[in-house]
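Engineer: Would you be able to build a 3D model of this:
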Amino acid sequence: MFRTHTCGELRISDVNKQVTLAGWVQRTRKMGGMTFVDLRDRYGITQLVFNEDTNAELCESANRLGREFVVQVQGTVNERFNKNGNLPTGDIEIIASQLNVLNAALTPPFTIEDNTDGGDDIRMKYRYLDLRRNAVRKNMELRHKLTIEVRRYLDQQGFIEVETPVLVGSTPEGARDFVVPSRMNPGQFYALPQSPQTLKQLLMVSGFDRYFQIAKCFRDEDLRADRQPEFTQIDCEMSFVEQDDIINLFEGMTKYLFKNVRGIELTEPFMRMSWADAMKYYGSDKPDLRFDMKFVELMDVLKGYGFSVFDDAAYIGGICAKGAADYTRKQLDALTDYVKRPQIGAKGMVYARVEADGTVKSSVDKFYTQEVLQQMKHAFDAAPGDLILILSGDDVMKTRKQLCELRLEMGNRLGLRDKNNFVCLWVVDFPMFEWSETEGRLMAMHHPFTHPKDEDIALLDSDPAAVRADAYDMVINGVEVGGGSIRIHDPQLQARMFEILGFTPEKAQQQFGFLMNAFKYGAPPHGGLAYGLDRWVSLFAGLDSIRDCIAFPKNNSGRDVMLDAPSELDDSQLDELNLRVEVKE
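Structural biologist: Sure thing, here's the model as predicted:
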């Protein structure tokens, strides 16, 4: 056999055992007539000892080993003299009696260490080497454990796992599709699913009243830290349920995962916050509630005193940073520069300090009496030593989003966004529609199959923009880890929804006829939720990007630099597909 034990398995109780190990050479050290080799596999590291006095030829073979050589070693477990408390195997070593080089290796382009000298680009190119690093491998193991526990929980709740197709029809409503040409159907294309949305609804029509799938999804959109062109959803759907049924079940799943994967017991019910309140008080539909700094609107307090920036504004709002009044002018200027960055777009920032005696000193003192500034202080419930930061603008929603960025930045600067502190909440009552300047029409905020709240259905004819949806998102630490909705199961209501979204009956039939026709055969009330598996893993691992919890990710340009994909096709392949490529300048 290649090995009797792994490199992370042996302990002091195994002393004097004859063992065989196999793995990769992590490092070698020569000290006098002794050579020490750290042998690594996925399970850990074990030190090997070669003694020149005992077997000079074997020791010389060990001296020729390079980093990442694949070797097999036989020997005896020995108690280690200089124990290593940082390793689980640090109490023992292997006195080698035989060495077999299974495969020599080139010197890797970066060190296979947690603190590697490899940058992102080189590690992406040699991802198979990067995966050998302990830090990255742990993310994969965490992903595995999370997936196992998801399946265990959902199985206990009566869900059945069903795979849905990866080659489907294109439904352009939403993000851009990735498309696949069909050789057997010239001029026609499949699309890769952005989610199994319509398919899981069909499974509800089929009577599979509790479905789930660990589903690959594909969206051709611009990338950032929490996005990849292909990602994985924990996709779920249930029949004969209302919103509370789904929220309660998946809140239970969240608590189960925290306990069984992260070792954290969450006992309190999760907060529920309306979308309107999330935007009003935090400027985001995924607020980070690990710290307070709730927005305070100041239109009634600060408008009308001759400061044109505020007098002409449609919105004035601020946050109170507790204990930050000692911020220097340099730090405040840096904050101002931060919010003026093009990606945030604020024109400036006003600040005010609450002094030790309770008076308020601001950057706009000449426009405001102390009496007005005291009103502002009371609006924030600010105390001596607090710092108030204020933004204004002519677009309410845009200014709130700018203030959100400022709030998060202050949370970072004050150390309030601890990755080991978790605050979970549900954001509910999303708007049904949002206006698209590009399309010049209302678009579905979630998707066209979302059910409006029953009490708002009458507004579909008179004021569709005011309609709220039976939709909900799970938010943890400012990250949307999942979301879903109750679906429309009434064909007439679904047809009305398509009409509001600008679909002609013919277009609706062309794109979604299969679903609308299925509803005619008895669709149950149903709803669901999809958790982002990649985001869950990155959250539990404390990562800033989902990239390091995906085995073979794409870079920010959507390229797989290891496989050099995407790439051009040979002319013969294009001919088979009846395609001609013309790249626009």
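Engineer: average pLDDT across the helix or strand harbouring Leu403?
Structural biologist: Secondary structure from DSSP states H and E places Leu403 in helix 396-413. Summarised as a single mean, pLDDT over helix 396-413 is 97.
Engineer: same deal with stretch 527-545?
Structural biologist: Confidence for stretch 527-545, expressed as mean pLDDT, is 95.
Engineer: For the nearest residue to Lys340 once chain neighbours are set aside, give me its contacts.
Structural biologist: Distances taken as Cβ to Cβ, 6 or more residues apart in numbering put Ala346 closest to Lys340, at 5.8 Å, once the chain neighbours are dropped. In this view, the C-beta of every residue, glycine as well, is placed from N, C-alpha and C. Ala346 sits next to Val339, Lys340, Leu391, Gly393, Thr399, Gln402, Leu406 when contact means Cβ atoms under 8 Å, 6 or more residues apart in numbering.
Engineer: Kindly recompute the last result at 6 Å.
Structural biologist: Ala346 makes contact with Val339, Lys340, Leu391, Gln402, according to Cβ atoms under 6 Å, 6 or more residues apart in numbering.
Engineer: Please report how far the nearest residue to the last one once chain neighbours are set aside lies from Met410.
Structural biologist: For Gln402, the nearest residue in space outside its immediate sequence neighbours is Ala346; the separation is 4.5 Å by Cβ to Cβ, 6+ apart. When distances are taken as Cβ to Cβ, to the nearest Å, Ala346 and Met410 turn out to be 14 Å apart.
Engineer: Asn82 too?
Structural biologist: 48 Å.
Engineer: ok, now Phe50?
Structural biologist: In terms of Cβ to Cβ, Phe50 sits 57 Å off from Met410.
Engineer: More neighbours: which of these two?
Structural biologist: More crowded of Phe50 and Met410, by other Cβ atoms under 10 Å: Phe50, with 28 against 22.
Engineer: if I've got this straight, that one is in a strand?
Structural biologist: Yes. Assigned with DSSP: H, G, I helix; E, B strand; the rest coil, Phe50 falls within a strand.
Engineer: What residues are bridge-paired with it?
Structural biologist: Thr35 (DSSP bridges).
Engineer: sorry, back to before: retrieve the pLDDT associated with the residue nearest to Gln402.
Structural biologist: The score at Ala346 is 95. That number is its pLDDT.
Engineer: Now do the strands in the stretch 201-350 of the chain.
Structural biologist: 210-218, 230-239, 271-274, 296-297, 315-321, 350-354 (DSSP state E, counting those that start in this stretch).
Engineer: What strands line up against the third one, and which way round?
Structural biologist: If I follow you right, that is strand 271-274. Applying DSSP bridges, strand 271-274 is found paired with strand 424-428 (parallel).
Engineer: then the strand it pairs with to PDB, C-alphas only?
Structural biologist: Taking Å, rounded to 0.1, in the frame of the first residue of the first chain, the C-alpha atoms of strand 424-428 are listed here in PDB:
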ATOM      1  CA  CYS A 424     -28.800  38.200  11.000                       C
ATOM      2  CA  LEU A 425     -32.000  39.800   9.800                       C
ATOM      3  CA  TRP A 426     -34.800  39.500   7.200                       C
ATOM      4  CA  VAL A 427     -35.500  42.400   4.900                       C
ATOM      5  CA  VAL A 428     -39.100  42.100   3.800                       C
END
